[in-house]
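Enquirer: Give me a model of this one.
(2 chains)
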Amino acid sequence: MKFRTANGAQTFDVEILSRDGALLRLRIDGEEITAEIEPAARGGALVRSRGRSLRVHAARRRNSILVAVGPAVFDLIPVEGRGARGAHGLATPEVTAPMPGKVLKVVVAEGEAVAAGQPLLVLEAMKMETTLYAEGDAIVGKVHAAPGAMVEHGAVLLELSPADSSKPESATPNR
Amino acid sequence: MEKRRITRLLVANRGEIALRIIRSARVMGIRTAAVYSEADASAAHVAAADDARLIGPPEPAQSYLNIAAIIQAAKELRADAIHPGYGFLSERPDFERAAEAAGLIFIGPPAQVMATLGDKVAARRLAIEAGVPVVLGIDVADPASARTFADEASFPILIKAAAGGGGRGMRIVESAQDLAGALEAASREAKAAFGDGRIFLERYLARPRHIEVQILGDHHGRVVAIGERECSIQRRYQKVIEESPAPGLAADLRSRIIDSALRLARTAGYRNAGTFEFLVDGGSFYFLEVNARLQVEHPVTELCFGRDLVCDQLEIAAGARVAEPQTPRGCAIECRINAEDAAHDFRPATGTVLELNLPAGPGVRVDTHIAAGTTISPYYDSLLAKLICHGENRDRARARIAAALDEFFLLGVQNTAAFLRDVVLSEPFARADLSTQFLPQFFPQWAPAYDDLRIALAAAAMTAQGAFEPARAGAIGTAPADGAAEAAVRSPWARLGSFELWSRR
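Expert: Have a look, this model is predicted:
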């Protein structure tokens, strides 16, 4: 997926390659990096990187993801991939696989109305389950994912259309 | 002067300084009363005070600058004294006069002294009278005499507004051809900004240091200096990092600066706490201005001298005699953590504090009004917290404040902590290569470390793909005040531990 810095023009391409225990492997703008991430006692995560131990917290805002890495704060806007929002306050009309893995379960059916935050399907990758949720109220379109199928990173799993395009803000999850 | 008793103090301010004043009043057994705007109903200073009154809408002009509303609140709350803090009405002689007309003790210098020192031309004349050096300049700037002066002083020269101060109402003129236009524009701007179009000219100092003296004057004619502060690290005339003592300042230069401040304070009939500011250029120094109030950066003096300047202010106002200061100890450095985006021209930031970790430990002081859940609104200044560290010497204080900044953690509002950490860890700061041009010279642009950015991108990627069960905003102990803006806020990390991925082997 791609992120843009909130006030700047910089865009970064980020791909999570694997997760094994505390070890996370990812590729950022073509460069592969690893990070050791442990949950921290007081919430957030502890990231060990180059001899420094940093507390990391993230929060999702309406249009961006705010991340604090020690004293540094980053405001990152998803511009492509899951998490990027379309014109109607809905995530991109397609739900794509955030990582390579196996489809465990498809929770919704074609034509079904889903509410913001409702689970759509469950993926398994690197010994963990990841539930993908509806970013906003929507109608489920075509479902491409079938339980048991192996999917590549970025594969389209299902399609969504806005529940009611006349009231776009209602698509924002309010939980 | 006879002793006056202060039993109930109204604090006419908000934010960290209101909280800080309330704490000292409590130490002295004085009851406290807060005033607040509609935006501050749940603010820390309101909760901390014994009593509080709403004084108006969020806009400062209708609340914290509303003299009538504040005096009315003071009467209703039966206060017998008012502390104005800094900013807002703290240097407004008309506020002091209104307070005194209502029978209240004003914690500050007499209104007439404040009025004289607040006028840059009058203050400059007073400094000359007291034998205090001022930058070469002229009072009245008609185009002909301005031209004569500029030719003698050589360009660039500085045009200043008589009613300005703190960097407001200033303009640098680089060459003779710009002079006439600049004079006219400066006068017009001063008239619009301050209602007073008077301007004056000074020679422009390219790389001065900003060094100021903390003064305390009592009502028995005694004036003492509580050391100096170095405040050269500024951005657009706003101080960013301050310290005491001024590093590497020659002993005789220091004592000449302090003597000048004392002379000017005595000549002006100064009372209570005030700061006398100077520009230092090589071995020369020049009077800049007086801040007739408590300064934001007063804690560095407090840590070095082991005293509480607000207690001093309250005692002086009650008629006590001020004592000579003790010998200062070690070094103290203050960093102002502001709600600004340091990577993007220090753009002001707003938001709700979702996660906060304040540093602690020996020699670490944090003056702040924020906590998890605090909303930073666009109405007031951007100061989130002052971090002040003391050490037995400058290197220790510097290492301590760098470590403390590393401990500082704030999710929810963009802030300058990481920038400040990089500045205090920088080589020019270590060797104290200080001037008011420090930031433009050594940090013309700043971006957070790429290492940190990569970790942030990893965290954002995991958050975006919903790899973690999002926690409800309430579940992390915060109640987003602005429902619309923060509706979707939640920490995806909050329940990290429950995932197989994160189970410890």
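
Enquirer: quick one: the residue of chain A positioned farthest from its centre and chain B, what's the gap?
Expert: Note on chain A: the largest separation between a C-alpha and the mean C-alpha position, by Cα atoms, centre = their mean, falls on residue A:51 (28.4 Å). In this view, residue A:51 and chain B are 11 Å apart by Cβ to the nearest Cβ, to the nearest Å. Bear in mind the C-beta positions are built from the backbone N, C-alpha and C, glycine included.

Enquirer: these two touch, right, residue B:185 and residue B:178?
Expert: No - Residue B:185 sits out of contact with residue B:178 when judged by Cβ atoms under 8 Å, with a separation of 9.7 Å.

Enquirer: Export only the CA atoms of stretch B:282-293, formatted as PDB.
Expert: C-alpha atoms of stretch B:282-293 as PDB (Å, rounded to 0.1, in the frame of the first residue of the first chain):
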ATOM      1  CA  GLY B 282      31.000  40.100  20.900                       C
ATOM      2  CA  GLY B 283      32.100  42.000  23.900                       C
ATOM      3  CA  SER B 284      29.300  44.600  23.600                       C
ATOM      4  CA  PHE B 285      25.800  44.500  24.800                       C
ATOM      5  CA  TYR B 286      22.700  46.600  24.200                       C
ATOM      6  CA  PHE B 287      19.400  47.000  26.000                       C
ATOM      7  CA  LEU B 288      16.500  45.400  24.000                       C
ATOM      8  CA  GLU B 289      13.300  45.600  26.100                       C
ATOM      9  CA  VAL B 290      11.700  44.900  29.400                       C
ATOM     10  CA  ASN B 291       9.100  42.200  29.900                       C
ATOM     11  CA  ALA B 292       7.200  43.600  32.900                       C
ATOM     12  CA  ARG B 293       5.900  40.200  34.000                       C
END
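
Enquirer: which stretches of chain A have low pLDDT?
Expert: Of all residues in chain A, those with pLDDT under 70 make up the ranges A:7-8, A:41-43, A:49-50, A:81-92, A:98-100, A:125-129, A:153-154, A:164-175.

Enquirer: what do you get for chain B?
Expert: Ranges of chain B meeting pLDDT under 70: B:1-2, B:140-141, B:466-505.

Enquirer: Just give me the longest strand of it.
Expert: strand B:223-235 (DSSP state E).

Enquirer: Quickly run through the sheet partners of that one, with directions.
Expert: Using DSSP bridges, the strands paired with strand B:223-235 in its sheet are strand B:209-217 (antiparallel), strand B:238-244 (antiparallel).

Enquirer: I'd like the ones you listed as TSV, with mean neighbour count appended.
Expert: Formatted as TSV, the entries for these read as follows, by neighbours: other Cβ atoms under 10 Å in any protein chain shown:
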stretch	mean neighbour count
strand B:209-217	25
strand B:238-244	25
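
Enquirer: so what are the domain limits for chain B?
Expert: B:8-107, B:136-203 (automatic domain parsing).

Enquirer: so which of the ones you listed gets nearest residue B:301?
Expert: Go through those one by one with Cβ to Cβ and the one that ends up closest to residue B:301 is domain B:8-107, at 13.6 Å.

Enquirer: Out of the domains of chain B, which is the most enclosed?
Expert: Per-stretch averages of neighbours, counted by mean count of other Cβ atoms under 10 Å in any protein chain shown, single out domain B:8-107 among those, with a mean of 20.

Enquirer: Endpoints of that domain, how far apart?
Expert: 13 Å (Cα to Cα, to the nearest Å).

Enquirer: And stretch B:336-354, by the same measure?
Expert: End-to-end distance for stretch B:336-354: 20 Å, by Cα to Cα.

Enquirer: One more: stretch A:26-37?
Expert: Stretch A:26-37 has an end-to-end distance of 13 Å (criterion: Cα to Cα).

Enquirer: show me where chain A has helices.
Expert: Residue ranges of helices cannot be listed for chain A, since DSSP state H assigns none.

Enquirer: Quick check: chain neighbours aside, which residue is closest to residue 10?
Expert: Reading this off chain A. Nearest in space to residue A:10, with sequence neighbours left out and distances taken as Cβ to Cβ, 6 or more residues apart in numbering or on different chains, is residue A:4 at 6.9 Å.

Enquirer: oops, I was thinking of chain B
Expert: With Cβ to Cβ, 6+ apart as the criterion, residue B:10 has its nearest non-adjacent residue at 3.8 Å, and that residue is residue B:79.

Enquirer: ok, that neighbour to residue B:166 distance?
Expert: When distance is defined by Cβ to Cβ, to the nearest Å, residue B:79 is 28 Å away from residue B:166.

Enquirer: Domain-wise, how is chain A divided?
Expert: Under automatic domain parsing, the residue ranges defining each domain of chain A are A:2-84, A:93-171.

Enquirer: Please report how far the spatially closest residue to residue B:74 that is not a sequence neighbour lies from chain A.
Expert: Once its chain neighbours are removed from consideration, residue B:74 has its nearest residue in residue B:10; the separation is 4.4 Å (Cβ to Cβ, 6+ apart). With the distance defined as Cβ to the nearest Cβ, residue B:10 ends up 36 Å from chain A.

Enquirer: wait, what's in contact with residue B:10?
Expert: Residues counted as contacts of residue B:10 (Cβ atoms under 8 Å, 6 or more residues apart in numbering or on different chains) are B:32-35, B:70, B:73-74, B:77, B:79, B:81-83, B:104.
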